[in-house]
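Participant: Got a predicted structure plus its sequence, pasted below:
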Amino acid sequence: MRRLAMLILGGAVAAAGVGCGSDSSVDYGLYSNNHGENPAMEKKVITVDSTERIQQNQQLGLTSEGTIKGEAPGILLRVIVQDVFETSFTDGTQTPPGSRVMAVEIQVVNAGSRVFNGSPAAGTTVIDASGKKYKSQPSTVSVDGGEVFPNPFGLQPRDQRTALVPFVVPVGVNIKQVEFQIDKGGESGLWRVP
C-alpha cells in the first residue's frame, strides 16, 4: 500500500510539473472529434510554437488549415478556407449596380477549452489584387450555395461548423486573399486565392 501511495504521489508531482517551464511561446491545445463529422481530424494534437504558427498563418493556400489563437485563454480555432465563389442573394436583398456577390466557405473547428462566441463573419475580410479590403455582409442575408454563419455564433469545444461568409465587391475585382481574425486582440490567418 505504501508503494502504491508513493507511485500515485510521484505521478501527481510529474503531472504538476507539466507546463511549468519558462517557454511561454508553446501552446498546448487538444482537439478530439468524436462526433464522426470529420474522421481525418479525430484526435489531432496541436503543439506548435506561437511564432512558427503566426508565420505559417500568413502563408496559407486555399484549403490549408490555420491554427489561430484568441486573445482570451482557452480560445483556439482550426480554420480552413475551403472555397471562394460567385453567388447571389436569395432573400430579396438587392445587389448594388456594378457589383457582384461573393461567398467564402469556411470550416471552423473549436480546438480550445472554452466556447467560441465570436462571429466568423465579423472577423473575415477579402482582399483584392490592389490590396483593398472588403467587409462581409450582415449575417441576416441569405445566399445561394449554403448557409451563412449566424450571429451570435456559439461553438462548443471539439465541435465544428462549415458555413458561408458573403461579400459584395465591384464587378471585375478579383479576390486574391481571405483574412480571418479570431477576435480584435487575437491572431489572424491569411489565405491566398488562386
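Facilitator: Everything's here; your move. Residues are numbered from 1 along each chain as shown.
Participant: Please tell me how far the residue nearest to the spatial centre of the chain sits from S99.
Facilitator: What sits nearest the mean C-alpha location of the chain, by C-alpha atoms, centre = their mean, is V79, with 3.2 Å. Per C-beta to C-beta, to the nearest Å, V79 is found 27 Å from S99. C-beta coordinates here come from the backbone N, C-alpha and C atoms, glycine included.
Participant: contacting residues around S136?
Facilitator: A121, A122, T124, T125, V165, P166, F167 (C-beta atoms under 8 Å, 6 or more residues apart in numbering).
Participant: What is the nearest of those to K184?
Facilitator: A122 (9.6 Å; C-beta to C-beta).
Participant: State the helix or strand in which the closest one lies.
Facilitator: Following DSSP states H and E, there is no helix or strand that holds A122.
Participant: pretty sure it is touching N151, no?
Facilitator: Yes: look at A122 against N151 with C-beta atoms under 8 Å: they come within range, at 7.1 Å.
Participant: who's more crowded, the two?
Facilitator: The residue with more neighbours, out of A122 and N151, is A122; 18 against 13, by other C-beta atoms under 10 Å.
Participant: Please tell me how far the residue lying closest to I54 once chain neighbours are set aside sits from Q181.
Facilitator: The shortest distance from I54 to any non-neighbouring residue, by C-beta to C-beta, 6 or more residues apart in numbering, is to E187 (6.1 Å). For E187, the distance to Q181 equals 7 Å [C-beta to C-beta].
Participant: and the two? which has more neighbours close in?
Facilitator: Comparing E187 with Q181 by neighbour count (other C-beta under 10 Å), the higher total belongs to E187, at 22 against 19.
Participant: can you pull the pLDDT of the more buried one?
Facilitator: With respect to pLDDT, E187 has a value of 92.
Participant: coming back round to it: take the contacts of S136 and keep only those in strands.
Facilitator: Using DSSP state E, the subset of these located in strands is T124, T125, V165, P166, F167.
Participant: can you pull up the bridge partners for F85?
Facilitator: Residues in a beta bridge with F85, per DSSP bridges, are A103.
Participant: Does it touch V101 like I think?
Facilitator: No: using C-beta under 8 Å as the test, F85 is too far from V101 to be in contact (9.9 Å).
Participant: Sweet, I'm off.
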